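> Need coordinates for the following:
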Amino acid sequence: MALQSMTGFARSEGTSGRYRWAWELRSVNGKGLDIRLRLPSGMEALEVEARQRLSEALSRGNLQVTLSVTISENRVEAVVNEEALAAVLKLRDALGSSVVDPSPMRLDALLGIRGLVEFREAVDSEEIIAARDAAILDGLSRAIAALGDMRRREGDALGRLLSGHVDRIEELARRVEADPSRSPEEIARKLEAQLQALLESAPSLDRDRLHAEAALLATKADLREEIDRLKAHVAAARELLAEGGPIGRKLDFLAQEFNRESNTICSKSNAVAVTSAGIELKVVIDQFREQVQNLE
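Residues are numbered from 1 along each chain as shown. From the prediction side, this is the model:
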């Protein structure tokens, strides 16, 4: 599976009858999938289906999803209040010849009667509304696909960058492993010199106890376990990057493990070169973890 970044933007627009619509999708980093959906008033029925399509396509990221709809043609229809009209006609018949002007009622007179005729925006049929909603949801699917394409392109770039960081971590681990200060002979030579200096300054010290303490210090100063764990984490990171998919959380955990080993190497170091490599390790690991935060 391809890697995906959590950042991206997509827009999809179209028309259905007299309706023009547009979707805008914005995605940024997030611990989980947080969908913030904004729909025009009266179109809340689309929310459930829209959320389902977004959830099926994406697993992480904070999403801002906005739908805008405009009407290109306003249609007005006249609606007659049948009860009011019947009441007016009944009144006319009841008055009969007693009215001064017995001529037929004029249209302008009827329109002047308050509440008799109401002018309002025409209501579309259920078929037209259904076709409009289907077109809008299809447009959402296209926008989701476009967002996914953008996130995958950025994911590919992130994958190459992270692979470079992993290579550098491996290189620095090998530098620490190969440093002459790690050889048993060098460790023994340094400890022997320190022991000799102690015994010269304080001859009364117990030689056997000092040698036992020195052996313990040498064991604690050994970096074999840290180097082996770094190598294992490097292999695991490469495997995840090759596997792809939503691996951001797993890589973030590995970044924490990388950092733990680099801290231990720096604390145990007995040579300037090893300390320097440990510090550089920490810098590269920080860069690695920063980029991992952008990955789904």
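> How far off centre is stretch 152-160?
When C-alpha coordinates are averaged (CA atoms, centre = their mean, to the nearest Å), stretch 152-160 and its chain have centres 14 Å apart.
> what comes up buried for that stretch?
By neighbour count with 16 or more other CB atoms under 10 Å, stretch 152-160 contains the buried residues 152, 154-155, 158-159. The way it works is simple: take the backbone N, C-alpha and C, and place the C-beta from them, glycine included.
> ok, now stretch 222-236?
By neighbour count on 16+ other CB under 10 Å, the buried set for stretch 222-236 is 223, 226-227, 229-231, 233-234, 236.
> one step back: can you put the buried residues of stretch 152-160 in a markdown table and add pLDDT?
A markdown table is the format used below for these (pLDDT from 0 to 100):
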| residue | pLDDT |
| --- | --- |
| 152 | 94 |
| 154 | 94 |
| 155 | 94 |
| 158 | 95 |
| 159 | 95 |
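> Just flag the most distant two among the buried residues of stretch 222-236.
For the buried residues of stretch 222-236, the maximum inter-member distance is 19.5 Å, found between 223 and 236 (CB to CB).
> which residues in this structure form helices?
47-57, 82-95, 107-111, 126-178, 184-201, 207-221, 224-243, 248-268, 272-292 (DSSP state H).
> just checking, what packs against the longest one?
The contact analysis (3 or more CB pairs under 8 Å, 6 or more residues apart in numbering; DSSP states H and E) places helix 126-178 against strand 8-16, strand 19-28, helix 47-57, strand 61-71, helix 224-243, helix 248-268, helix 272-292.
> closest to residue 166 out of these?
Of the helices and strands packed on helix 126-178, nearest to residue 166 by CB to CB is helix 224-243, at 4.9 Å.
> Which other helices and strands does that closest one contact?
Packing partners of helix 224-243 (3+ CB pairs under 8 Å, 6+ apart): helix 126-178, helix 248-268.
> how about JSON lines for those helices, with distance to residue 59 added?
JSON lines is the format used below for the helices and strands packed on helix 224-243 (distance: least, CB to CB, whole Å):
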{"stretch": "helix 126-178", "distance to residue 59": "11"}
{"stretch": "helix 248-268", "distance to residue 59": "9"}
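> Looking at those helices, which is nearest to residue 47?
helix 126-178 (11.1 Å).
> From residue 173, how far off is the closest residue to residue 237 other than its chain neighbours?
Nearest non-adjacent residue to residue 237, counting by CB to CB, 6 or more residues apart in numbering: residue 166, 4.9 Å away. Going from residue 166 to residue 173 by CB to CB, to the nearest Å gives 11 Å.
> Compare those two (neighbour count), which wins?
Between residue 166 and residue 173, counted using other CB atoms under 10 Å, the more crowded position is residue 173 (25 against 22).
> so that one makes contact with residue 231?
Yes. Because the distance of 6.3 Å satisfies CB atoms under 8 Å, residue 173 is recorded as touching residue 231.
> Brilliant, that's me finished.
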